[in-house]
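Enquirer: here is a sequence with its predicted model. Questions after.
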Amino acid sequence: MKKTLLCVLIGVVAGCSTVSNPFVHMAPDFSDLPVDAMRQTALEIEQAVADGNRTPAIADREGIVVNDQTVLQTIRTRAARSTLINILRDTGYVCEKKNGLLYILGGKEYDKSRNRRQRDRDAYLVMSENEDRWRLYEGLAKTSNLSSRSVSAIQEIFFNARVQCLPEGQKYESADGQCVVKGAE
């Protein structure tokens, strides 16, 4: 009985990583956000990350504060990881979601193509990337004195910037919620 209960508990905990957080999908609130400045900042950050530039010179603008230790460290960490993320995205088993996070598209094909060690490494890589993205979104909101309601808008803006920087052939979530390949849509 204890083993069964333990197995069920592990299954529930493991399954929680795929269950969406309802607060992540709140409607974006752009009311106190300088949208154009955030779009420009997001594009510069995502381009620096895509280029692997660990020390980009991104200026603060219109109340959006980038030059904060937490934000800069997060950009450095994501830039250092960008080659590994691109290699993983090139496999076709991950998708950039509209909520600004990266997801593994699991399934039998994925399981067959990757051994357990590779799948564990993929999961760790995606979890680390998503943690840094959250740190960036929340850090920008905090340092720029924006309300916590604007985090969902920041997520959306960064998703759009990231899609612009994605190489052809990598997957992202379309407006209708499907994972599509950039360049094949």
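Expert: Structure's in. What do you need?

Enquirer: what number of residues lie near Gln155?
Expert: Residues lying near Gln155 (other CB atoms under 10 Å) number 25. Every C-beta, even on glycine, is put in place using the N, C-alpha and C of the backbone.

Enquirer: likewise Lys142?
Expert: Residues near Lys142, counting by other CB under 10 Å: 15.

Enquirer: begin at 225, not 1, for the rest of this chat.
Expert: Will do, 225 is the new start, and the previous item becomes Lys366.

Enquirer: that one: what secondary structure?
Expert: Counting by DSSP: H, G, I helix; E, B strand; the rest coil, the backbone at Lys366 sits in helix.

Enquirer: quick one: it and Thr294, what's the gap?
Expert: Applying CB to CB, to the nearest Å, the value for Lys366 to Thr294 is 8 Å.

Enquirer: same check on Asp356?
Expert: 10 Å.

Enquirer: compare those two (neighbour count), which wins?
Expert: Legend: neighbour count by other CB under 10 Å for Asp356 and Thr294, higher for Asp356 (19 against 14).

Enquirer: helices or strands next to the helix or strand that one falls within in the packing?
Expert: Assigned by DSSP states H and E, Asp356 falls within helix 340-367. The helices and strands touching helix 340-367, judged by 3 or more CB pairs under 8 Å, 6 or more residues apart in numbering; DSSP states H and E, are helix 259-275, helix 293-314, strand 326-328, helix 375-389.

Enquirer: could you check the angle helix 375-389 makes with that helix?
Expert: 120 degrees (axes from the mean of the first three to the mean of the last three CA atoms, to 10 degrees).

Enquirer: nearest residue to the middle of this protein?
Expert: Leu325 (2.8 Å; CA atoms, centre = their mean).
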